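Visitor: structure for the following, please:
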Amino acid sequence: MKLIDIPELKAAIASERTSKIRCLHKLLFDFDGDRQNRSRIREFPGFEFQPNDKDFNEKAKLIEEKLSLNELITISNLLLINNEGTKKEIVLRLLTYLCDLDILNQNIIRENDSGSDSENENEHNRKSYENLSEESVQLPVHNVYQPNISFNDIESIIMPFDGDSHQSIEKWIELFEDAVNLFNLSDLHKLVFGKRSLKGKAKLYIQSETGVNSWGKLKNLLLSEFGYSCNSAELHEMLSKRKLKDDESLEEYFLKMKQLCTRGNVEDTALMQYVINGIPDSVIRKSILYGCQNLSEFKQKLRVYEKMRFDYDKVKPNKPKFGNETKDRIKAPKIENKDKFKDTKLNNIRCFNCGALGHKSSVCENKIKGIKCFKCNKFGDHLAKDCTIRKEHSNVTVDKTTSCENLTTKIVRINDLNIVSLIDTGSQKTLIKKSIFDKIGEISELEQSNIKLSGFGNTTVKPLGIFKTKIIIDDLEFESEICVVSDSSLSFDFIVGCNVINQCTLIVSGKEIKFTKPSDNSLSDSFLINVAEVMTHEQEIDLTHIQNKAHQEKVLNLLQAE
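Guide: Model (predicted):
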C-alpha cells in the first residue's frame, strides 16, 4: 500500500499548501525537496524498519532535531493522526503509523466513523497550533506510546502463532494478553503487536480480511478461524506418536507434551506414560521413571534419568545417545562410496578361462593360448582331469579339535606380564595379539614390516608391526623379534616360534615341555629334540622331449617309484 491508496490522504496531498507538503516531505525523505514533492509523497510505501528497532530510533532522533513541534503537529493534521502529547511522543506516533500504512488507513476509517464531532475537533486543533512556536506550546502528556517497549520485548515472552493444529489459539491469546497487559499497552499497540506475532497460515488469513482495525476484531477472527477443540481420540493419537527428538532435552520434550495436553482433558498419569513411551531407550533403563505420584516428582526423576544417561554416554562414547542397541548391531552398514563398491564387486569376478580375478572370460587376454589346466597351470590342449603331471599331496587327518589344555603351552613373561603361550615348532615367527601387546607397556612404537604370514588354508595375514624385546621362559632370557597381529587372526594370546626355539633345547617329557640352554646335558628320562626346519619342495620333471604321451607316463612312474 502507498499513501495515494488512502483516499483521504490522496485528496489532502493534492490540495494542501506547499509549506505543509514540504514539512511532510522532509519527514519522509530527510530533505526539503522540489517541485516533485507531491509525486514522491504519493508513491511513499511506508518505512521498511519496525517500531523501536535501531533504524526506527535513529530516524526518530533525526526528526526531533530537524522538525519543530509546530511542523510535527502540521504533519499529524495532514495525515489525520492524533496530535496530542509531547514532541517526542508525536514523533514516535507518526513513525509508528508510517511503518504500516494499513494500520494508518484503518485508523483514519475509525476516526471517520466517530462522526462530525471528531472532525470539528481536528479542525480546531489545526487552527490553534498552526502559528505557535515550539517553546510556547504546553501539551498534556498522554500515555499513548511507551518508547521503552518494543516488539522484541513481546516476542521474547510469547511464541508466534502460525495456525498449526498443535497450537491452541485460546491458549495463545491468553498468553498474549497477559504479556501486553503487563506493559499496559493501548488497544492500537495490541493490534500492531498481535499482527506481527502471526506467522504462516494465520498471517495469510488476517491479510486476506478487511476492516481489522482493533485488537478485539483481530482476536474474534482468530478464534473463529482457528478455534478448534480436538476430540480425545485425536489427542491421544498425537501424544502416542510424539517421540523425543535427537536435538531435544528431556525437560523440553516433557513441556511440549504437557502443552499438547492443554488441547483436551488428559490425566497426569497418562501424560507421564506417554512421555516414557516416547523416549527411545530400553525399559530397564527407563524403570526409574515409573511409579511417580505427581508431575513434580516425575520432573525430578526425569532430571536424574537425564544425568544418568549423560554419565553413561561418557563411559561408552561409541554408544548412541538413545536407541535400540540390538537393532543398531544388526543394521547393515551404509555404502558411502558407490564407485568403490563397484570396484570391489568387479575384483571378486573370476575368469572361467584363466582363473584370475578382476575380469570375465569374454575379455580374457589369455584366450588365444587355449584352455588352461588348473592342475599344472599350463595352457594347452588338455583339462585338469586329463593332466598327466602328478603332484605330491600331504594327507592330513583331523580327528577332532584339540583343546587348549592338550597343547604344549608355557608361561612367557614380558615386562612383568605373564602370558599363556603356545609352543609352535611350525611357526617361523613369534606372534602376539594386539590386545596383549597394548598391556605390556614400556615398548617403543611398532616398526612397519612388509612380511606376510601364511597359515592354514593358504590364508595370509599382514602383521600390524614388529618389535624387539627380551622374553623369559622357564627363567631363561631370550632375545626375540615379535610380530603383532590382530586379535581375530590369532587363537592364542602368544605363539613362541622358531626364532626363539632355535636359541634353546626343548626337552619333552610326557605332557611337559622344558626350555634349556644348549650347554645343558641333563637328558635323563627325557627325549632331546633338535629343532630343524624341514622343507619339502615339489619339483616338476620335464619330459617334454619325449613326444609320445604314453612313454612319458611310463618314465614318470618309474622315476616316482624310486
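Visitor: for Cys1, which residues are in contact?
Guide: No Cys there; residue 1 is Met. Shown in contact with Met1 (C-beta atoms under 8 Å, 6 or more residues apart in numbering): Pro45, Gly46, Leu101, Asp102, Asn105. C-beta coordinates here come from the backbone N, C-alpha and C atoms, glycine included.
Visitor: tell me the pLDDT of it.
Guide: For Met1, the pLDDT comes out at 82.
Visitor: now swap in the one 3 residues further on and tell me
Guide: With respect to pLDDT, Ile4 has a value of 87.
Visitor: how close does it get to Gln503?
Guide: 106 Å (C-beta to C-beta, to the nearest Å).
Visitor: go on, Glu89?
Guide: On the measure of C-beta to C-beta, Glu89 and Gln503 end up 102 Å apart.
Visitor: kindly report the same for Lys286.
Guide: Counting by C-beta to C-beta, the gap from Lys286 to Gln503 is 60 Å.
Visitor: can you pull out the low-pLDDT segments for the stretch 251-400 of the chain?
Guide: 315-347, 390-400 (pLDDT under 70).
Visitor: quick one: the helices in it?
Guide: Taking DSSP state H, counting those that start in this stretch, the helices of the stretch 251-400 of the chain run over residues 268-277, 283-286, 295-315, 325-330, 338-347.
Visitor: comparing Glu89 and Gln503, which residue is more hemmed in?
Guide: Neighbour totals were compared for Glu89 and Gln503, and Glu89 leads with 21 against 16 (other C-beta atoms under 10 Å).
Visitor: can you check the pLDDT for the more buried one?
Guide: 87.
Visitor: surely it is within a strand?
Guide: No - assessed with DSSP: H, G, I helix; E, B strand; the rest coil, Glu89 is helix; it does not lie in a strand.
Visitor: offset the numbering so it begins at 332, please.
Guide: Yes, from this point I'll number from 332; that puts the last item at Glu420.
Visitor: so how far is Asn684 from Ser693?
Guide: Ser693 is 9 Å from Asn684, by C-beta to C-beta.
Visitor: of these two, who's got more company?
Guide: Set Ser693 next to Asn684 and count neighbours by other C-beta under 10 Å: Asn684 wins out with 20 against 9.
Visitor: contacts only, for the more buried one.
Guide: Contacts of Asn684 by C-beta under 8 Å, 6+ apart are Ser692, Cys695, Asn697, Lys698, Ile702, Lys703.
Visitor: now which of the contacts of Met332 would you call buried?
Guide: Buried by 16 or more other C-beta atoms under 10 Å: Gly377, Leu432, Asp433, Asn436, out of the contacts of Met332.
Visitor: widest-spaced pair of the residues you listed?
Guide: Greatest spacing in the buried ones among the contacts of Met332, by C-beta to C-beta: Gly377 and Asn436 (10.7 Å).
Visitor: what helices and strands are in contact with the strand or helix carrying Glu568?
Guide: Element membership for Glu568, per DSSP states H and E: helix 563-572. Applying 3 or more C-beta pairs under 8 Å, 6 or more residues apart in numbering; DSSP states H and E, one finds that helix 563-572 contacts helix 581-592, helix 599-608.
Visitor: in it, what's buried?
Guide: Leu566, His567, Met569, Leu570.
Visitor: how is this structure carved up into domains?
Guide: The record's domain parsing of the chain by the TED database lists 334-442, 482-558, 563-646, 740-847.
Visitor: out of the ones you listed, which gets nearest to Thr719?
Guide: Going by C-beta to C-beta, the one of the domains of the chain nearest Thr719 is domain 740-847, 25.0 Å.
Visitor: next, format the buried residues of helix 563-572 as JSON lines and append distance to Val816 and pLDDT.
Guide: Converted to JSON lines, the buried residues of helix 563-572 look like this (distance: C-beta to C-beta, whole Å; pLDDT from 0 to 100):
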{"residue": "Leu566", "distance to Val816": "61", "pLDDT": "78"}
{"residue": "His567", "distance to Val816": "58", "pLDDT": "86"}
{"residue": "Met569", "distance to Val816": "56", "pLDDT": "83"}
{"residue": "Leu570", "distance to Val816": "55", "pLDDT": "85"}
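Visitor: buried sites along stretch 427-439?
Guide: 427-439.
Visitor: may I have it as PDB, with CA atoms only?
Guide: C-alpha atoms of stretch 427-439 as PDB (Å, rounded to 0.1, in the frame of the first residue of the first chain):
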ATOM      1  CA  THR A 427       4.700   4.000  14.100                       C
ATOM      2  CA  TYR A 428       1.800   4.800  11.700                       C
ATOM      3  CA  LEU A 429       4.100   5.300   8.700                       C
ATOM      4  CA  CYS A 430       5.800   1.900   9.300                       C
ATOM      5  CA  ASP A 431       2.500   0.200   8.500                       C
ATOM      6  CA  LEU A 432       0.200   2.100   6.100                       C
ATOM      7  CA  ASP A 433      -2.600  -0.500   6.600                       C
ATOM      8  CA  ILE A 434      -2.900   0.500  10.300                       C
ATOM      9  CA  LEU A 435      -2.800   4.200   9.300                       C
ATOM     10  CA  ASN A 436      -5.700   3.600   6.900                       C
ATOM     11  CA  GLN A 437      -7.700   1.700   9.500                       C
ATOM     12  CA  ASN A 438      -7.100   4.500  12.000                       C
ATOM     13  CA  ILE A 439      -8.400   7.100   9.500                       C
END
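Visitor: tell me the mean pLDDT for it?
Guide: Stretch 427-439 comes out at a mean pLDDT of 86.
Visitor: need the contact partners of it.
Guide: 332-334, 336-337, 339-340, 359, 376-378, 380-382, 387, 410-412, 476, 519, 522-523, 542-544.
Visitor: centre of the chain versus it, how much separation?
Guide: Here the centre of stretch 427-439 is set off from its chain's centre by 45 Å, with C-alpha atoms, centre = their mean, to the nearest Å.
Visitor: same check on stretch 708-719?
Guide: The answer for stretch 708-719 is 60 Å, by C-alpha atoms, centre = their mean.
Visitor: buried sites along it?
Guide: His713, Cys718.
Visitor: extract the C-alpha trace of it and format it as PDB.
Guide: Only the C-alpha atoms of stretch 708-719 are listed here, as PDB (Å, rounded to 0.1, in the frame of the first residue of the first chain):
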ATOM      1  CA  ASN A 708      48.600 -74.300 -14.500                       C
ATOM      2  CA  LYS A 709      49.600 -74.500 -18.200                       C
ATOM      3  CA  PHE A 710      47.700 -73.500 -21.300                       C
ATOM      4  CA  GLY A 711      47.400 -76.100 -24.000                       C
ATOM      5  CA  ASP A 712      45.100 -78.900 -25.200                       C
ATOM      6  CA  HIS A 713      44.000 -80.700 -22.000                       C
ATOM      7  CA  LEU A 714      41.900 -80.100 -18.900                       C
ATOM      8  CA  ALA A 715      42.800 -80.900 -15.300                       C
ATOM      9  CA  LYS A 716      41.000 -84.300 -15.500                       C
ATOM     10  CA  ASP A 717      43.300 -85.300 -18.400                       C
ATOM     11  CA  CYS A 718      46.500 -83.900 -16.900                       C
ATOM     12  CA  THR A 719      49.400 -86.400 -16.700                       C
END
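Visitor: hmm, who's touching it?
Guide: With C-beta under 8 Å, 6+ apart as the criterion, stretch 708-719 contacts 697, 700-707, 880, 883-884, 887.
Visitor: tell me the buried residues within those residues.
Guide: Applying 16+ other C-beta under 10 Å to those flags Lys703, Cys704, Lys706, Cys707, Gln883, Leu887 as buried.
Visitor: and the contacts of the helix or strand where the fifth one lies?
Guide: Assessed by DSSP H and E, Gln883 sits inside helix 880-892. Contacting residues not belonging to helix 880-892 are listed as Thr719, Ile720, Arg721, Ile872, Leu874, Ile877 [C-beta under 8 Å, 6+ apart].
Visitor: all good on my end, thank you.
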